[in-house]
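Enquirer: quick one, what's the 3D model for this:
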Amino acid sequence: MDIRNTYLWGFLANSVFLCMQLRVFTNFFCFLFAYMRKNAYLCSRKGEKSEKGMFRVGIIGPEASGKSTLARYLAKRYEGLYIPEYARTYVEAKGSTDITWDELCGIARYQTEQMQCLEQEHARRETVLFFDTELIITKVWFDEAFGQVPEWLEEAIRRYPMDVYLLTSPDLPWIQDGARYNGSDGQRKRLFERYRTEIEALGIPYYLVEHEGN
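Expert: Okay, the predicted model is just below:
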């Protein structure tokens with residue numbers, strides 16, 4: 001059985017378990033559509049059989065919306081590969097959220113090179129990759145901080161697409177941890193909608209994650 005099919009039905013079968021911690025509002029056919037879309041691409045060339053390969057899940061959302069917790073949980077639950085947020089690592093090491101254009105370019109370059117390496121390493125492996133944020137958040141960061149986005153970053157987003165997104169809602173309390181600075185409710189909701197718009201512009205399936213008790 002194709003590993004992507006295994007994980008698809010694993011999500012369906014275990015959704016009740018996940019909902020014990022999160023209230024998930026979604027159309028699970030998004031996952032099915034993503035799977036079919038990728039399979040159709042692999043089979044599009046005449047006479048070529050479908051290949052098994054990696055399945056990329058991008059987990060994005062505003063600050064303090066449970067992205068890291070969800071990404072780690074899913075990677076462990078489904079024996080996938082957790083890809084941590086590099087920007088957080090960089091900001092924590094620097095000790096400041098004041099990032100220059102050149103520094104943000106460095107963060108984006110690192111992410112892009114990481115995507116390329118993962119593509120080469122896992123393209124033909126039965127692996128599900130869970131990205132704790134990815135290039136869309138970096139793109140929005142550029143636009144919010146500097147009013148422009150490097151063209152090479154736009155190209156990288158198209159070159160290394162996710163197969164499906166989980167978009168986390170800003171319905172958890174914002175807590176300062178030294179690496180955050182967009183803490184107002186209005187800012188978090190606005191960024192949430194920006195991320196949704198970016199995903200929809202790419203035409204990639206996604207579903208929303210809201211948290212229990214909200």
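
Enquirer: what separates Leu153 from Ile136, distance-wise?
Expert: 10 Å (C-beta to C-beta, to the nearest Å). Just so you know, the C-beta spots here come from the backbone N, C-alpha and C atoms, and that holds for glycine as well.

Enquirer: got it, and Arg56?
Expert: Counting by C-beta to C-beta - Arg56 and Ile136 are separated by 13 Å.

Enquirer: more neighbours, those two?
Expert: Taking neighbours as other C-beta atoms under 10 Å, Arg56 and Ile136 compare with Arg56 leading, 27 against 23.

Enquirer: surely that one and Asp163 touch.
Expert: Yes - taking contacts as C-beta atoms under 8 Å, Arg56 lies within contact range of Asp163: 4.9 Å.

Enquirer: Gln120 sits in which helix or strand?
Expert: Assigned by DSSP states H and E, Gln120 belongs to helix 101-122.

Enquirer: which residues are contacting the helix or strand that that helix is followed by?
Expert: Downstream of helix 101-122, the next assigned helix or strand under DSSP H and E is strand 128-132. The contact list for strand 128-132 (C-beta atoms under 8 Å, 6 or more residues apart in numbering) reads 3-4, 7, 54-59, 67-68, 71-72, 74-75, 78-85, 118, 122, 162.

Enquirer: name every strand pairing with strand 128-132 and say which way it goes.
Expert: strand 55-60 (parallel), strand 81-83 (parallel) (DSSP bridges).

Enquirer: just put these in JSON lines and tack on distance to Phe130.
Expert: Formatted as JSON lines, these follow (distance: least, C-beta to C-beta, whole Å):
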{"stretch": "strand 55-60", "distance to Phe130": "5"}
{"stretch": "strand 81-83", "distance to Phe130": "5"}
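
Enquirer: do you know which of those strands lies nearest Gln114?
Expert: Counting by C-beta to C-beta, Gln114 lies closest to strand 81-83 out of the strands paired with strand 128-132; the figure is 7.4 Å.

Enquirer: right, I'll leave it there.
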